[in-house]
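# Pasted the sequence and its predicted model underneath.
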Amino acid sequence: MSTGYNHLLLFDCDGTLVDGQHLIADAMERTFEIHQLPAVSRLDVRGVIGLSLPEAMAKLLPGESNALYNELSETYKDAYRDMHVIAAQQAEPLYTGTAEMLRSYGDSEIVLGVATGKSKRGLDRVLAHHGLADLFVTLQTADFHPSKPHPAMVETAMAEAGACPETTIMIGDTSYDIIMGCHAGVHTVGVDWGYHTDAELLAAGAHDLITDWQSLQSIADRIF
């Protein structure tokens, strides 16, 4: 495809590039304990990974005020940061082959980006820890956009990367990633190792599902 636009692979972070579910669940449990709220199950927490924090809190604790959701979000950030330090950053390992896959595009015509419900601080920390920060031309986080599945993160990423919907692929592990990509008009790829099931990804509109990173290249070859 020759359009004058760059080819962009846009990745979610948690559940797609790194497995941060245990740290996320621990921090969420601690948050609810601090506020003396009923405990939430780890399954429920997995279901909201990818959303911005206030939206995640609203799903876990429906019917409460926005003020409480914002307060819980701030408590969560503190708990997450403290636990991250204690864990010496070992609680967010890369999925097998992720670093190699990302670096394989270094000499190609494809550019890389991230669109995540993480904070900018959290994303910067995990990318720096794994030595990946210099691989991405655009980083979109929850600090500056509406929560997924609003398409703002994808749209801004395309603008920063010089891409367009026809030359962009959104890769993620949750229905929020897929719906966000579909709303932005891009090709969507679900990964089967994350936090939502294959059925949920397909129901959300995923154009492709992959079981390993090797499969992504063939999709990129077909779309680009």
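Thanks, I have the structure now. Nothing here was measured: the structure is a model prediction, and the numbers come from that model. Numbering: from 1, shown residues only.

# Is the nearest residue to residue 164 once chain neighbours are set aside in a helix, a strand, or coil?
Using Cβ to Cβ, 6 or more residues apart in numbering and skipping the chain neighbours, the partner closest in space to residue 164 is residue 5 (4.5 Å). For glycine as for every other residue, the C-beta is placed from the backbone atoms N, C-alpha and C. Three-state assignment for residue 5 (DSSP: H, G, I helix; E, B strand; the rest coil): coil.

# Report the separation between residue 152 and residue 124.
Distance, residue 152 to residue 124, using Cβ to Cβ, to the nearest Å: 20 Å.

# Correction: the previous question concerned residue 154.
To residue 124, residue 154 is 20 Å away according to Cβ to Cβ.

# likewise residue 118?
The gap separating residue 118 from residue 124 is 9 Å, by Cβ to Cβ.

# re earlier: which one of residue 152 and residue 124 is surrounded by more residues?
More neighbours sit around residue 152 than around the other of residue 152 and residue 124, counting by other Cβ atoms under 10 Å; the figures are 17 against 14.

# dump the residue contacts of residue 114.
Residue 114 is in contact with 10, 11, 12, 13, 17, 123, 127, 136, 138, 139, 140, 141, counting by Cβ atoms under 8 Å, 6 or more residues apart in numbering.

# just checking, which of those residues belong to strands?
Those of these mapping onto strands are 10, 11, 138, 139, 140, per DSSP state E.

# ok, residue 165 touching residue 158?
Yes. Under the criterion of Cβ atoms under 8 Å, residue 165 is in contact with residue 158, at a separation of 7.1 Å.

# Quickly list what's touching both of those two.
Common neighbours of residue 165 and residue 158 are listed as 184, 186 (criterion: Cβ under 8 Å, 6+ apart).

# more crowded one of those two?
Neighbours per residue, other Cβ under 10 Å: of residue 165 and residue 158, the larger number sits with residue 158, 25 against 17.

# residue contacts, residue 54?
Contacts of residue 54 were listed using Cβ under 8 Å, 6+ apart, and they are 66, 69, 70, 73, 147.

# among the residues you listed, which ones are buried?
By neighbour count, with 16 or more other Cβ atoms under 10 Å, the contacts of residue 54 hold 69, 73, 147 as buried.

# Which one of those is nearest to residue 52?
residue 147 (3.6 Å; Cβ to Cβ).

# Quick check: that closest one vs residue 210, distance?
When Cβ to Cβ is applied, the distance between residue 147 and residue 210 equals 25 Å.

# got it, and residue 176?
Computed with Cβ to Cβ, the distance linking residue 176 and residue 210 is 18 Å.

# Same check on residue 67?
The span separating residue 67 from residue 210 equals 41 Å under the rule Cβ to Cβ.

# and these two? which has more neighbours close in?
Neighbour tally, residue 67 and residue 210, criterion other Cβ under 10 Å: the higher count belongs to residue 210, 18 against 8.

# State the helix or strand in which residue 30 lies.
Assigned by DSSP states H and E, residue 30 falls within helix 21-34.

# Distance check, residue 53 against residue 205.
Here residue 53 is placed at a distance of 25 Å from residue 205 (Cβ to Cβ).

# Kindly tell me how buried the nearest residue to residue 150 once chain neighbours are set aside is, as a neighbour count.
Leaving out its chain neighbours, the residue that sits closest to residue 150 by Cβ to Cβ, 6+ apart is residue 180, at 6.8 Å. Using other Cβ under 10 Å, residue 180 has 30 other residues around it.
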